[in-house]
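Colleague: only the shape, not the letters, is given here:
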């Protein structure tokens, strides 16, 4: 997932929950999980990596849309890029 710190304030609890649930099938608890609370995350397959990238891109698009809507509501202009 690309790190877009400028979009963090538009991230909701629901967005985080959806991503956590999408990876939940990879979690393997240890036999004594109830006592230790320890487990491991199994490696992702290439197909799962592709799905993860697709979810990441979709989330970024959703957050950019929320950012645009917020700007329209507050009537703010986007900051100028320092790249020239």
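Modeller: Yep, that arrived. What you see is a predicted model, and the numbers here were worked out from it, not measured in a lab.
Colleague: the nearest residue to residue 30 once chain neighbours are set aside: how many residues sit nearby?
Modeller: Nearest residue to residue 30, sequence neighbours excluded (C-beta to C-beta, 6 or more residues apart in numbering): residue 38, at 4.9 Å. All C-beta atoms are positioned from the backbone trio N, CA, C, and that covers glycine. Using other C-beta atoms under 10 Å, residue 38 has 10 other residues around it.
Colleague: again, but for residue 50
Modeller: Neighbours of residue 50 (other C-beta under 10 Å): 11.
Colleague: what residues sit buried inside the helix or strand hosting it?
Modeller: If you go by DSSP states H and E, residue 50 is part of helix 46-74. Neighbour-count burial for helix 46-74, with 16 or more other C-beta atoms under 10 Å as criterion, is recorded at 59, 63, 66, 67.
Colleague: returning to that earlier point: look up the pLDDT of the residue nearest to residue 30 for me, please.
Modeller: What the model reports as pLDDT for residue 38 is 70.
Colleague: and what of residue 35?
Modeller: With respect to pLDDT, residue 35 has a value of 65.
Colleague: and the closest residue to residue 43 other than its chain neighbours, how far is that from residue 49?
Modeller: Of all residues beyond its chain neighbours, the one nearest residue 43 is residue 26 (8.0 Å), with distances taken as C-beta to C-beta, 6+ apart. Distance check for residue 26 against residue 49: by C-beta to C-beta, to the nearest Å, it reads 11 Å.
Colleague: cool, residue 75 as well?
Modeller: Distance from residue 75 to residue 49, by C-beta to C-beta: 40 Å.
Colleague: tell me which helix or strand in the chain has the weakest average pLDDT.
Modeller: helix 33-36 (a mean of 61; mean pLDDT, DSSP states H and E).
Colleague: how many residues are close by the closest residue in space to residue 41 that isn't next to it in sequence?
Modeller: Of all residues not flanking residue 41 in the chain, residue 26 sits nearest, at 5.4 Å (C-beta to C-beta, 6+ apart). Per other C-beta under 10 Å, the neighbour tally for residue 26 reads 13.
Colleague: thanks a lot, catch you later.
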